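A.B. asks: Sequence below, structure please.
(4 chains)
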Number of protein chains: 2
Amino acid sequence: MARQREFDKDDILRAIVRLFWDKGYEATSYADLMETTGLGKGSLYSAFGDKRALYLQALRSYCETEAKAAADLFSESKERSTSERTESFHIFLGLPIEPVETARDRRGCFLCNAAVEQAPQNEDVQEIVLQAIDLMRQGVFDGLEKLRPGNPKNRARAEQLVSLYFGLRVMAKAGTPVNSLKEARDEGLQFLIEL
Amino acid sequence: MARQREFDKDDILRAIVRLFWDKGYEATSYADLMETTGLGKGSLYSAFGDKRALYLQALRSYCETEAKAAADLFSESKERSTSERTESFHIFLGLPIEPVETARDRRGCFLCNAAVEQAPQNEDVQEIVLQAIDLMRQGVFDGLEKLRPGNPKNRARAEQLVSLYFGLRVMAKAGTPVNSLKEARDEGLQFLIEL
DNA sequence: TCTTTTCTGGACTATTCGGTCCACAAACCA
DNA sequence: TGGTTTGTGGACCGAATAGTCCAGAAAAGA
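C.D. replies: Got it, this is the predicted structure:
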């Protein structure tokens, strides 16, 4: 019936995720958004809504990929050995460290950034963040259940590991040397040795 | 020789700390600063400098009190029993939880906020943050040394506990229920039971 | 008291902000 | 092809931004 959109909404959203991930909500302007997407304001507004809506969609998109990927480290359905299962925990707590080590990339975790910058002041952000944290917590818990089924400490241990994940994100962003981050990670994984 | 300042610089700085602590750097405007201090722009500029300088002084002030207080949990000189010493670790990891529990205060930790919002983009902030983290790490390490002298794991354990501290700060800001935070804290303190 | 010096707070500025609007372009249908 | 409809991008807007500046106030020394 009429003219069709000239850009792929998902491609644009990916670019916007990177932008908000880098700069946060407050420090990102429409000038930035127009530059990194190559679109005019009219297109951005008609496709996504205002700045807040854009941020929320970007955050949701991030959670659906990155937080999901973290949770999926533990929830793969195929059978695995115990050593493969403990390895998942190494990978999980290595997520905050790996980008720093291989690319000096300290942008951290969009979810963590949103929790600190926006969650206390914006209900929508808080809801998305809490939901994503739940996803990660459940993933870690599932991983623990496979490793030591029925252990009553699994819930608390999952809580602690997710907290440690975010703590490593903060420490990494602060500029802590990789070696220190690895020490913290390995010490947090000590409990695996008892298995 | 001349007119003297009408306000107490320390009082004003305390008010500014609270403001930046609450809202972060980007979201705080001069209108906010003038309102919470009751001062005009001229006074603020002549006493503290521009917005960035104001933020840095506020952050330094915070670190000199709060981060120092956290480190001092472990470094008191008087003799203490083992149970008093383990209690220090409970208090330390309870710092992120206590304000949420007693006052529904989710503003978190200024140091943590600064690490996430500003440290990657501003060298001065990064320096202050890393220094404050060092202080806390050293405090925790000292506490561990008193509890289990010469243990080669003390360094890594201190690193992990500081990371967990920041992780709890993030989880608290995200809106995680107090009970979950306490589970994570207690699980992180499991190592004390072996003593 | 008068002069000097600094403090004070608001008027002022140039710029940038998020958001609206519209003239035009492009695609589809008849 | 002509008409309708929607996408496009930039001109435009009022508000808010960080920062400057200055007229007057206040304090201290002479």
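
A.B. asks: residues from chain A in reach of DNA strand D?
C.D. replies: Chain A has residues A:1-7, A:34, A:38-43, A:46-47 near DNA strand D, with proximity defined as CB under 7 Å from any atom of the strand. Any C-beta I mention is one placed from the backbone N, CA and C, and that applies to glycine too.

A.B. asks: go with 6 Å
C.D. replies: Within reach of DNA strand D by CB under 6 Å from any atom of the strand, chain A has these residues: A:1-7, A:39-43, A:46-47.

A.B. asks: Quick one: name whatever helix or strand follows the longest helix belonging to chain A.
C.D. replies: The longest helix of chain A (DSSP state H) is helix A:123-147. Using DSSP states H and E, the helix or strand that follows helix A:123-147 in sequence is helix A:154-174.

A.B. asks: How about the helix or strand encompassing A:R85 and chain B, touching?
C.D. replies: Assigned by DSSP H and E, A:R85 belongs to helix A:82-94. No - counting by CB under 8 Å from any CB of the partner chain, no contacts exist between helix A:82-94 and chain B, the nearest distance being 9.6 Å.

A.B. asks: relative to helix B:154-174, how tilted is that helix?
C.D. replies: Angle of helix A:82-94 versus helix B:154-174, following axes from the mean of the first three to the mean of the last three CA atoms, to 10 degrees, is 70 degrees.

A.B. asks: got a list of contacts for helix A:82-94?
C.D. replies: By CB atoms under 8 Å, 6 or more residues apart in numbering or on different chains, the residues outside helix A:82-94 that reach it are A:70, A:73-74, A:140, A:143, A:146-147, A:161, A:164-165, A:168, A:185, A:188-189, A:192, A:195.

A.B. asks: Stretch A:166-174 now?
C.D. replies: A:93, A:96-97, A:100, A:106-109, A:112, A:115, A:180-181, A:184-185, B:112, B:115-116, B:119-120, B:126, B:129-130, B:133, B:162-171.

A.B. asks: still on that earlier bit, now the residues of chain A next to DNA strand D: which count as buried?
C.D. replies: Buried by 16 or more other CB atoms under 10 Å in any protein chain shown: A:L39, A:S43, A:A47, out of those.

A.B. asks: Can you flag which of the residues you listed belong to strands?
C.D. replies: The subset of these located in strands under the criterion DSSP state E is empty.

A.B. asks: Going by distance to A:E26, which of those residues wins?
C.D. replies: Comparing those against A:E26 with CB to CB places A:L39 closest, at 21.4 Å.

A.B. asks: what's near enough to touch the closest one?
C.D. replies: Counting by CB under 8 Å, 6+ apart, A:L39 has contacts A:F7, A:I12, A:L33.

A.B. asks: Of those residues, which ones also sit close to chain B?
C.D. replies: Of the contacts of A:L39, not one also sits near chain B (CB under 8 Å from any CB).

A.B. asks: just the residues you listed now: which is nearest DNA strand C?
C.D. replies: Among those, A:L33 lies closest to DNA strand C (CB to the nearest atom of the strand), at 7.6 Å.

A.B. asks: Quick check: chain neighbours aside, which residue is closest to that closest one?
C.D. replies: Nearest-residue entry for A:L33: A:L44, 6.1 Å, with adjacent residues in sequence omitted and distances by CB to CB, 6 or more residues apart in numbering or on different chains.

A.B. asks: Give me the distance between the one you found and A:G38.
C.D. replies: 11 Å (CB to CB, to the nearest Å).

A.B. asks: cool, A:E98 as well?
C.D. replies: Taken as CB to CB, the span from A:E98 to A:G38 is 30 Å.

A.B. asks: Please identify which of these two sits among more neighbours.
C.D. replies: A:E98 (13 against 10; other CB atoms under 10 Å in any protein chain shown).

A.B. asks: residues contacting A:E145?
C.D. replies: When contacts are counted by CB under 8 Å, 6+ apart, A:E145 touches A:N151, A:N154.

A.B. asks: Quick check: nearest residue in space to the residue of chain A found nearest chain B, chain neighbours excluded?
C.D. replies: Minimum separation of chain A from chain B (CB to the nearest CB) falls at A:G167, amounting to 3.0 Å. Nearest non-adjacent residue to A:G167, counting by CB to CB, 6+ apart: B:G167, 3.0 Å away.

A.B. asks: on that earlier part again, I'd like the buried ones among the residues of chain A next to DNA strand D laid out as a markdown table, including pLDDT and distance to A:E66.
C.D. replies: Shown next, in a markdown table, are those (pLDDT from 0 to 100; distance: CB to CB, whole Å):
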| residue | pLDDT | distance to A:E66 |
| --- | --- | --- |
| A:L39 | 96 | 24 |
| A:S43 | 96 | 26 |
| A:A47 | 95 | 23 |
